[in-house]
Structures are given as structure tokens and as C-alpha cells.
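Q: one predicted model, sequence on top.
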Amino acid sequence: MATAAPALFEPLQVGAVTLRHRVVLAPLTRYRASAVEGDDESIATDIMATYYGQRASPGGLLISEASPISPEGRPNILAPSIYTPLHAARWKPVTDAVHAKGGFIFLQMWHVGAWSHSGFDVKGRPPASSAEFDMEPGTGRFNTRDGLKPRDPKTRMLSTDEIAELIQQYVRAAKLSIEAGFDGVEIHGANSYLLDQFISDHINTQRTDQYGGSLENRLRLPVEIATAVAAAIGADRTGIRFSPYVSIQGKQDSDPINTWTTLLKKLNPLNLAYVHLVEPRIPGSWDRVPNPEELNLRPFREAYDGVLIVAGGHSAATAEAAVKHGDADLVAFGRDFISNPDLPSRIEHGHPFTPYDRTTFYTPGEVGYTDYKTWEQLQSDKHDTAADTSDVPAP
């Protein structure tokens, strides 16, 4: 039977792994980790192994939810982390479950920067960023070991020495990820988090060292982290994610096309496994339908020489078109992969998608997490229901 999306089901070499299709699980924060285990916090759990195993497919690529590389890099105690040997050990059942299905999985390494909380810092310091600035007022609460806490009013500027330590934290997390059985790592440089805060020309305005001021300096940290991680575990096991059009503290970079095309050209010599870009339809409204004449990723596709993953609310049809027309090599799906654990198969065979329930994205337990059914399970349920009904005597 012919596939409904032939371009998406062409094999592709992505760094060290050979994929059988181009439908990728996007990194999705779900907050199902264990808060505390002994002296460690933010530990991967058994239900997470079930969740990722359900979404694995032969030759398919999954990218894990964002995983903090240090205590002070966390936004929530329920975000599974990767900075101790216990973290690596508890992630191992997840990677085993994916590999048992013939799939591959990269871990996304995360430092939220300004979006952390002083309660996560071992010294109780304000959240770290590229600069010291007042945070926007917010009603959000941070889930810490000591309960829910309000947002800190101000950030602190990382010192040059702390940046050197930060780079080594990424290296440590990458090595622990490989020990945990991950096939590679994705450096999270998107969505207004720490690396974005260094890249941004309206956030990174105070530094006088080599990490601030000029565009060259603002791009230095992501390039140095990518270089160090690639040297530690292999460039073919290292990816990185960016969102060129994201807003931070209500403002975008003043020249995103020049900023990120310059950055991608700096990454070209590293021969990374891939670059992962978030499309402009994502920042702002979740439900916004993009105008094709508005901002897009085309300039970045032209600037980057390697494998490109794109993410941005794609349907099966738009994903197929993106790959067919050369706008991307792979397409990452988020919310639809939550409610369709067999998403690659549904796309391949043209089956409809099960709608997702947004209210369960971050709630504990299996509801809205591991209880979504595959297409085959749904058809089996219909068959069983029909069989039961046929046994009922006519009135």
C-alpha cells in the first residue's frame, strides 16, 4: 500500500543514526518526574519510560522533554534533570524502552536562566542570566522543594568564571546522557531560555566581556557550548535548537534574520547531527495561523549546510510539503504526538488524529499522558463494542 506522505518516509542519516522516517517527537515539557529521591531531585520515573516507549517507532527519532543541567537551571522540581549519576540511571529505562521498539532518542539539555527561581540555587541567589534586569510582573508560581514560590523580581548577571563552569555543566550533562543510553543530545537554545538571553540584543546589553555587546560576542556562548559538547560526545551525536523569532520580556531581537543566519554559519564547520528551528507561528498565540508572506525559516535553511528539523504546529500535509520542497529535512510534532502515540503510522497510512487535551499537559499521572490509544487499539475497541452489541436481543 502506498504511503500517504512519501517524502516523510524516505530514510535519512542524521549524525550517528539512520532514520527510517522523518516524523520527529518534539521536546515537550510534561512535568511527570519525581520531585525527590534521597539527596537528589527531579528524577525520571517509570511512567516516563512507558510514555516514550509508546511513541517510539522503528527508525524514528524522539527528542526528550527539556532536562535541566544543574539545580539552578530548573524552572520546576518536576522537570527530569541530568546532572548527577542517579539522574542518568533513572533515565536508562526510558532509553531502553525506546530502543526496544527500534527507535532513537536524544536528550534535550536545558538551562532556563531568568525563568528559574532562587529556591533552586544552592546559594539562594536570584536566577542567572546574561544581564541583571527586572523581571516582568507575573502571577506564575515556581514548584520548589519548599512548595510554590512567587517569581523573583530580578535576575543576576553570570560572571565570566561562571560561564566557564556553565559550559562544563553542559559537557557533564552530555556525557551523563550517553551513559543513560541516549543516542545524542540537543542543546536547548530556544524559547527565551538562557542561551536566548545571551543572543538577544535587548537582554544582553550590560556585559563588557567577550560574551556581550557585539553580535560576535552575543553568539559566542552557544557556539562554545556546541563546540565543547561535540568534542566530548561527538558532533554526530550533538544537535541544537533555536527559535529566531521568539520574544523575551515582550521584545524580539532587532534583526533576527542577520543574528541567526550568522549563528548558523558559525555552526556549519562543527558538522553537528542537526539544527532544530522553531517556526514563527509558535511564539505568541498557540492557535495563530501563519500568513505565508510573513516571517519564515527560509533564510536560515539557506544559511545552514546540515540537517534541519523544523517545528511549528504542522499537519501531516504541511510536514510532507516542507520536506518535499526542501524547506526541511525532518519535521517535529508536539501536541499531536501527545494524543497520537502512533503518529508516524497514522501519517503514513492517512489515518485521522486523536485530538489532544490541553488541560492534562502538565498534570500528574497517566491521564492525558500514557492513556491515549493507537489507531489499531481504537479500531479493536470499536470491533469489540460492535460484537457486544450484536449479542443483545432485539426489543
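A: Looks like it arrived, so ask away.
Q: give the contact list for the closest residue in space to residue 150 that isn't next to it in sequence.
A: Spatial nearest neighbour of residue 150, chain neighbours left out: residue 141 (6.3 Å); criterion: CB to CB, 6 or more residues apart in numbering. All C-beta spots, glycine's among them, are computed from the backbone N, C-alpha and C. Shown in contact with residue 141 (CB atoms under 8 Å, 6 or more residues apart in numbering): 148-151.
Q: out of the residues you listed, which are buried?
A: residue 151 (16 or more other CB atoms under 10 Å).
Q: as CSV, the contacts of residue 141 with secondary structure and pLDDT would be great.
A: Below are the contacts of residue 141 laid out as CSV (DSSP: H, G, I helix; E, B strand; the rest coil; pLDDT from 0 to 100):
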residue, secondary structure, pLDDT
148, strand, 90
149, strand, 90
150, strand, 90
151, coil, 90
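Q: dump the contacts of residue 141 to JSON lines, plus distance to residue 218.
A: As requested, those are exported to JSON lines (distance: CB to CB, whole Å):
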{"residue": "148", "distance to residue 218": "34"}
{"residue": "149", "distance to residue 218": "30"}
{"residue": "150", "distance to residue 218": "30"}
{"residue": "151", "distance to residue 218": "25"}
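Q: hmm, residue 163 is touching residue 221, no?
A: Yes - assessed by CB atoms under 8 Å, residue 163 is found in contact with residue 221 at 6.6 Å.
Q: with neighbour numbers in mind, choose between those two.
A: residue 221 (24 against 21; other CB atoms under 10 Å).
Q: for that one, phi and psi?
A: Here is the backbone geometry of residue 221 (degrees, to the nearest 10): phi -60, psi -50.
Q: so where is this protein shaky, pLDDT-wise?
A: 1, 139-140, 281-295, 385-395 (pLDDT under 70).
Q: so where do the helices sit in it?
A: All helices of the chain, identified by DSSP state H, fall at 46-55, 85-100, 160-179, 194-199, 215-218, 220-233, 256-267, 298-303, 316-324, 335-339, 343-349, 375-390.
Q: just to revisit the earlier point, shared neighbours, residue 163 and residue 221?
A: residue 211.
Q: span of stretch 182-190 from start to end?
A: By CA to CA, to the nearest Å, the extent of stretch 182-190 from end to end equals 21 Å.
Q: so what's the residue count around the closest residue to residue 234 other than its chain neighbours?
A: Closest residue to residue 234 apart from its sequence neighbours, by CB to CB, 6+ apart: residue 16 at 6.8 Å. Per other CB under 10 Å, the neighbour tally for residue 16 reads 15.
Q: still on that earlier bit, which of the helices of the chain is buried the deepest?
A: With neighbours defined as mean count of other CB atoms under 10 Å, the helices of the chain peak in mean count at helix 194-199, which reaches a mean of 26.
Q: what is that one packed up against?
A: strand 128-129, helix 220-233 (3 or more CB pairs under 8 Å, 6 or more residues apart in numbering; DSSP states H and E).
Q: now distance to residue 68 too, for those, in TSV please.
A: Output for those, formatted as TSV (distance: least, CB to CB, whole Å):
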stretch	distance to residue 68
strand 128-129	12
helix 220-233	15
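Q: can you tell me which of the ones you listed is nearest to residue 172?
A: Closest approach to residue 172 among those is made by helix 220-233 (8.7 Å; CB to CB).
Q: tell me what angle the closest one forms with helix 160-179.
A: 40 degrees (axes from the mean of the first three to the mean of the last three CA atoms, to 10 degrees).
Q: between helix 256-267 and helix 220-233, find me the angle.
A: 30 degrees.
Q: and residue 373, what does it touch?
A: 341, 354, 381.
Q: which single one of these is nearest to residue 374?
A: residue 341 (5.9 Å).
Q: name the nearest residue to the closest one, sequence neighbours excluded.
A: residue 54 (4.0 Å).
Q: ok, that neighbour - contacts?
A: 341, 370, 372.
Q: go again with 10 Å.
A: 97-98, 101, 341-342, 369-374 (CB atoms under 10 Å, 6 or more residues apart in numbering).
Q: again, but for residue 248
A: 113-115, 129, 133, 136, 191-193, 196-197, 199-200, 202-204, 283.
Q: residue 203 versus that one, what's the distance?
A: In this view, residue 248 and residue 203 are 6 Å apart by CB to CB, to the nearest Å.
Q: fine by me, thanks again.
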